[in-house]
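Colleague: pasting a predicted model and its sequence here:
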Amino acid sequence: MSKKMEAIHEMHAKSNFLSDFILGSQDGLVNVLGIILGVTAASVSIQIVFIASLAALVAESISMGAVAYTSTSARRKQYLKEVEREKFEMRTMPQMERAEVKEIFREWGYKGSKLEKVTDDITSNPKAWLEFMMAHELKLAPVAKGQPLRSGVLVGLASVVGSAIPLVPFIFTSNIPTGVMWSIAVSGVALFLIGVYEAKTTVGSLWASGIRMAIIGLVAGIGGYLVGRLLGA
């Protein structure tokens, strides 16, 4: 494998890791924070807080991991299906497929002899032709064979970690108002750091990304509090 292809695969792996990590950790954290705020608004029992939160942690982590596995597996199956369809069209309708390649390059600003040359270069190499059509006509990215399992495990573990964060303060205090205050604070900081990590590994302002992530998560948590307050009353 060339260095360029290795770099591309590494970039895809980092992108998949980032999206899976954020999906699992943010969802788990927000879900359990909402449950904690909702339960504490309707109940004064620390035992109920722990039971509800731990039940949500287990169920959420398994569910998120399973969803990540099945959705990534479905994307892989779709990609492989489209690969076979594209191969069939390249064999049976090469001129039409060539015209599609030319049209893409024309949209990129190629004209005249340069347009013909770059089209010939791509269509003379079946592997390059196929990958070009998958990426630029169908807008599909390849999914590695082991990616569904990796995504499922990573999202599940990230969900466990994220779900545990709002619960940590209640390990050190049995006072519910104090625990809630610290749970919100710790969750806000964790969400902010997740947003910062996202910005550092992609693009964007660290502060803006962190604050946006924290606001989204805390607003969702407040929704749980309002439901608990309403039904508890």
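Modeller: Here it is on my side, so go on.

Colleague: now the strands for this protein?
Modeller: With DSSP state E, there are no strands along the chain.

Colleague: mind listing the helices for it?
Modeller: Using DSSP state H, the helices found in the chain span residues 3-42, 46-92, 94-107, 112-123, 126-132, 147-164, 169-172, 176-201, 206-232.

Colleague: with just CA atoms, put the fifth one into CSV.
Modeller: Put plainly, it is helix 126-132. Taking C-alpha atoms only, helix 126-132 is exported to CSV below (Å, rounded to 0.1, in the frame of the first residue of the first chain):
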residue,chain,number,x,y,z
PRO,A,126,-10.4,0.0,-13.6
LYS,A,127,-9.6,0.2,-9.9
ALA,A,128,-9.1,4.0,-10.0
TRP,A,129,-12.2,4.3,-12.2
LEU,A,130,-14.3,2.3,-9.7
GLU,A,131,-13.1,4.2,-6.6
PHE,A,132,-13.6,7.5,-8.4
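
Colleague: now what about it, what contacts it?
Modeller: 83, 86, 87, 90, 97, 101, 104, 122, 123 (Cβ atoms under 8 Å, 6 or more residues apart in numbering). Every C-beta, even on glycine, is put in place using the N, C-alpha and C of the backbone.

Colleague: pull out the buried positions in that helix.
Modeller: Neighbour-count burial for helix 126-132, counted by 16 or more other Cβ atoms under 10 Å, picks out 129, 130, 132.

Colleague: same question for the third one.
Modeller: Of the residues in helix 94-107, those scored as buried under the neighbour-count criterion (16+ other Cβ under 10 Å) are 97, 98, 101, 102, 104, 105.

Colleague: below-threshold pLDDT in the chain: ranges please.
Modeller: Where the chain drops to pLDDT under 70, the residues are 1-16, 43-44, 202-203, 232-233.

Colleague: and if we set it to 90?
Modeller: Filtered on pLDDT under 90, the chain yields the residue ranges 1-57, 59-60, 63-64, 141-144, 162, 170-181, 183-184, 187-188, 190-191, 193-233.

Colleague: residue closest to the middle of this structure?
Modeller: Centroid-nearest residue in the chain, with Cα atoms, centre = their mean: residue 19, separated by 3.0 Å.

Colleague: would you turn the buried residues of helix 94-107 into CSV with distance to residue 54?
Modeller: Putting these into CSV (distance: Cβ to Cβ, whole Å) gives the following:
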residue, distance to residue 54
97, 55
98, 59
101, 55
102, 59
104, 52
105, 57
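
Colleague: what's the most distant pair in the residues you listed?
Modeller: Of all pairs drawn from the buried residues of helix 94-107, the one with the longest distance (Cβ to Cβ) is 97 and 105, at 13.2 Å.

Colleague: deepest of the helices of the chain, which one?
Modeller: Neighbour counts (mean count of other Cβ atoms under 10 Å) averaged over each of the helices of the chain peak at helix 147-164, with a mean of 22.

Colleague: so what touches it?
Modeller: Here helix 147-164 has contacts from 16-17, 20-32, 53, 56-57, 60-62, 64-70, 72-73, 76, 190, using Cβ under 8 Å, 6+ apart.
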